[in-house]
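**Student:** Fold the following and give me the result.
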Amino acid sequence: MRRHTIALWVAVLALCAGVPAYAGTHSHESRSQEAHSTSGVITLDRGRKWATDEPLRRHMDTIRAVLDGKRGAIRAGALDAEARRRLGAAIEKEVAGIVADCKLSPAADGNLHIVIADLVAAANILQDPAKGNSVRGAEQAIRAANLYGAYFDHPGWKRLD
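**Tutor:** Okay, here's the model as predicted:
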(Lines give C-alpha, C1' and ligand atoms only; values in the text may rest on other atoms or scores of the structure.)
Protein backbone atom coordinates (compact mmCIF):
# COMPACT_ATOMS: atom_id res chain seq x y z
CA MET A 1 0.00 0.00 0.00
CA ARG A 2 2.88 2.38 0.79
CA ARG A 3 4.33 1.90 -2.72
CA HIS A 4 0.89 2.63 -4.15
CA THR A 5 0.63 5.88 -2.18
CA ILE A 6 4.13 7.01 -3.15
CA ALA A 7 3.48 6.38 -6.84
CA LEU A 8 0.22 8.30 -6.64
CA TRP A 9 1.87 11.30 -5.02
CA VAL A 10 4.72 11.30 -7.54
CA ALA A 11 2.19 11.40 -10.37
CA VAL A 12 0.03 14.03 -8.68
CA LEU A 13 3.02 16.28 -7.98
CA ALA A 14 4.22 15.86 -11.54
CA LEU A 15 0.76 16.74 -12.81
CA CYS A 16 0.61 19.84 -10.63
CA ALA A 17 3.93 20.99 -12.05
CA GLY A 18 2.79 20.69 -15.66
CA VAL A 19 -0.89 21.58 -15.86
CA PRO A 20 -0.88 25.27 -14.85
CA ALA A 21 1.16 26.14 -17.93
CA TYR A 22 -1.66 24.77 -20.07
CA ALA A 23 -4.60 26.13 -18.13
CA GLY A 24 -4.72 29.20 -20.36
CA THR A 25 -4.41 27.37 -23.67
CA HIS A 26 -7.95 26.03 -23.68
CA SER A 27 -9.95 27.38 -26.58
CA HIS A 28 -13.34 26.30 -27.82
CA GLU A 29 -12.27 27.34 -31.32
CA SER A 30 -9.68 24.55 -31.61
CA ARG A 31 -11.71 21.54 -30.49
CA SER A 32 -10.13 19.32 -33.13
CA GLN A 33 -6.71 19.84 -31.55
CA GLU A 34 -7.63 19.30 -27.90
CA ALA A 35 -9.41 16.77 -25.77
CA HIS A 36 -10.91 16.96 -22.33
CA SER A 37 -9.98 14.25 -19.87
CA THR A 38 -11.01 13.87 -16.27
CA SER A 39 -7.66 15.47 -15.38
CA GLY A 40 -7.53 18.42 -17.76
CA VAL A 41 -7.22 19.46 -21.37
CA ILE A 42 -4.62 17.86 -23.62
CA THR A 43 -3.49 19.56 -26.81
CA LEU A 44 -1.50 18.72 -29.91
CA ASP A 45 1.90 20.23 -30.65
CA ARG A 46 0.88 22.88 -33.20
CA GLY A 47 -1.34 20.35 -34.97
CA ARG A 48 1.06 17.41 -34.64
CA LYS A 49 1.33 14.60 -32.14
CA TRP A 50 3.87 15.04 -29.36
CA ALA A 51 7.25 13.31 -29.68
CA THR A 52 7.85 10.29 -27.44
CA ASP A 53 10.93 8.48 -26.23
CA GLU A 54 11.69 4.76 -26.00
CA PRO A 55 10.96 4.40 -22.26
CA LEU A 56 7.53 6.03 -22.66
CA ARG A 57 6.66 3.84 -25.64
CA ARG A 58 7.82 0.70 -23.82
CA HIS A 59 5.77 1.42 -20.69
CA MET A 60 2.70 2.46 -22.69
CA ASP A 61 2.98 -0.68 -24.84
CA THR A 62 2.86 -2.73 -21.63
CA ILE A 63 -0.18 -0.82 -20.35
CA ARG A 64 -1.93 -1.30 -23.68
CA ALA A 65 -1.12 -5.03 -23.76
CA VAL A 66 -2.43 -5.55 -20.22
CA LEU A 67 -5.65 -3.67 -21.01
CA ASP A 68 -6.07 -5.46 -24.33
CA GLY A 69 -5.73 -8.83 -22.61
CA LYS A 70 -8.58 -7.94 -20.24
CA ARG A 71 -10.90 -6.19 -22.72
CA GLY A 72 -13.40 -9.03 -22.95
CA ALA A 73 -13.69 -9.35 -19.19
CA ILE A 74 -13.91 -5.56 -18.83
CA ARG A 75 -16.76 -5.35 -21.37
CA ALA A 76 -18.59 -8.23 -19.70
CA GLY A 77 -18.07 -6.74 -16.24
CA ALA A 78 -16.41 -10.04 -15.32
CA LEU A 79 -13.18 -8.93 -13.66
CA ASP A 80 -13.04 -10.50 -10.22
CA ALA A 81 -11.48 -8.63 -7.29
CA GLU A 82 -8.05 -10.21 -7.74
CA ALA A 83 -8.01 -9.52 -11.50
CA ARG A 84 -8.97 -5.88 -10.84
CA ARG A 85 -6.22 -5.55 -8.23
CA ARG A 86 -3.62 -7.06 -10.59
CA LEU A 87 -4.73 -4.83 -13.47
CA GLY A 88 -4.53 -1.72 -11.29
CA ALA A 89 -1.13 -2.76 -9.93
CA ALA A 90 0.20 -3.38 -13.46
CA ILE A 91 -0.94 0.07 -14.61
CA GLU A 92 0.53 1.67 -11.49
CA LYS A 93 3.89 -0.09 -12.02
CA GLU A 94 4.15 1.13 -15.61
CA VAL A 95 3.15 4.68 -14.65
CA ALA A 96 5.91 4.68 -12.02
CA GLY A 97 8.30 3.57 -14.78
CA ILE A 98 7.12 6.40 -17.03
CA VAL A 99 7.65 8.96 -14.27
CA ALA A 100 11.13 7.57 -13.54
CA ASP A 101 12.39 6.89 -17.08
CA CYS A 102 10.64 9.20 -19.53
CA LYS A 103 12.44 12.37 -20.68
CA LEU A 104 10.23 14.55 -22.87
CA SER A 105 10.22 18.25 -23.68
CA PRO A 106 8.48 20.32 -20.99
CA ALA A 107 5.44 20.94 -23.21
CA ALA A 108 5.06 17.27 -24.15
CA ASP A 109 5.61 16.28 -20.53
CA GLY A 110 2.87 18.65 -19.37
CA ASN A 111 0.40 17.03 -21.75
CA LEU A 112 1.57 13.54 -20.79
CA HIS A 113 0.82 14.31 -17.14
CA ILE A 114 -2.86 14.54 -18.04
CA VAL A 115 -2.76 10.97 -19.39
CA ILE A 116 -0.75 9.84 -16.35
CA ALA A 117 -3.24 11.37 -13.93
CA ASP A 118 -6.09 9.50 -15.65
CA LEU A 119 -4.12 6.24 -15.50
CA VAL A 120 -3.34 6.73 -11.79
CA ALA A 121 -6.99 7.47 -11.03
CA ALA A 122 -8.04 4.35 -12.95
CA ALA A 123 -5.46 2.21 -11.12
CA ASN A 124 -6.70 3.51 -7.78
CA ILE A 125 -10.30 2.64 -8.59
CA LEU A 126 -9.31 -0.82 -9.80
CA GLN A 127 -7.33 -1.56 -6.65
CA ASP A 128 -9.80 -0.10 -4.16
CA PRO A 129 -13.50 -0.70 -4.91
CA ALA A 130 -14.41 1.92 -2.29
CA LYS A 131 -13.01 4.55 -4.69
CA GLY A 132 -15.45 3.77 -7.49
CA ASN A 133 -16.92 1.23 -9.86
CA SER A 134 -14.16 -1.07 -11.11
CA VAL A 135 -15.68 -1.26 -14.60
CA ARG A 136 -15.53 2.53 -14.70
CA GLY A 137 -11.89 2.36 -13.58
CA ALA A 138 -11.01 -0.08 -16.35
CA GLU A 139 -12.87 2.01 -18.92
CA GLN A 140 -11.04 5.12 -17.69
CA ALA A 141 -7.70 3.34 -18.21
CA ILE A 142 -8.74 2.40 -21.76
CA ARG A 143 -9.79 6.00 -22.48
CA ALA A 144 -6.44 7.26 -21.13
CA ALA A 145 -4.54 4.81 -23.35
CA ASN A 146 -6.57 5.92 -26.36
CA LEU A 147 -6.00 9.57 -25.47
CA TYR A 148 -2.27 8.87 -25.38
CA GLY A 149 -2.42 7.30 -28.84
CA ALA A 150 -4.34 10.25 -30.25
CA TYR A 151 -1.93 12.89 -28.94
CA PHE A 152 1.49 11.20 -28.82
CA ASP A 153 3.56 9.92 -31.75
CA HIS A 154 3.92 6.22 -31.01
CA PRO A 155 4.62 4.19 -34.16
CA GLY A 156 2.46 1.06 -34.34
CA TRP A 157 0.09 2.18 -31.57
CA LYS A 158 -3.38 0.72 -31.98
CA ARG A 159 -6.47 2.17 -30.39
CA LEU A 160 -8.29 -0.02 -27.86
CA ASP A 161 -11.93 -0.26 -28.91
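**Student:** so residue 136 makes contact with residue 121?
**Tutor:** No. Contact between residue 136 and residue 121 fails when scored by CB atoms under 8 Å: they sit 10.1 Å apart. Using the backbone N, CA and C atoms, a C-beta is placed for each residue, glycine as well.
**Student:** tally of neighbours for residue 156?
**Tutor:** 6 (other CB atoms under 10 Å).
**Student:** Residue 140 contacts residue 120, doesn't it?
**Tutor:** No. With contact defined as CB under 8 Å, residue 140 does not reach residue 120; the gap is 10.2 Å.
**Student:** With neighbour numbers in mind, choose between the two.
**Tutor:** Remark: of residue 140 and residue 120, residue 120 carries more neighbours, 29 against 22, as counted by other CB under 10 Å.
**Student:** which element is that one on?
**Tutor:** helix 106-127 (DSSP states H and E).
**Student:** Enumerate the positions of the next helix or strand after that helix that are buried.
**Tutor:** Per DSSP H and E, the first helix or strand lying C-terminal to helix 106-127 is helix 134-151. By neighbour count with 16 or more other CB atoms under 10 Å, helix 134-151 contains the buried residues 134-135, 137-149, 151.
**Student:** Helix 134-151 - contacts with which helices or strands?
**Tutor:** strand 34-37, strand 40-43, helix 54-76, helix 81-101, helix 106-127 (3 or more CB pairs under 8 Å, 6 or more residues apart in numbering; DSSP states H and E).
**Student:** Off-centre distance for that helix?
**Tutor:** 7 Å (CA atoms, centre = their mean, to the nearest Å).
**Student:** i'd like the first residue to be 21 from this point on
**Tutor:** With the count now opening at 21, the last piece we talked about shows up as helix 154-171.
**Student:** tell me the angle it makes with helix 126-147.
**Tutor:** 160 degrees (axes from the mean of the first three to the mean of the last three CA atoms, to 10 degrees).
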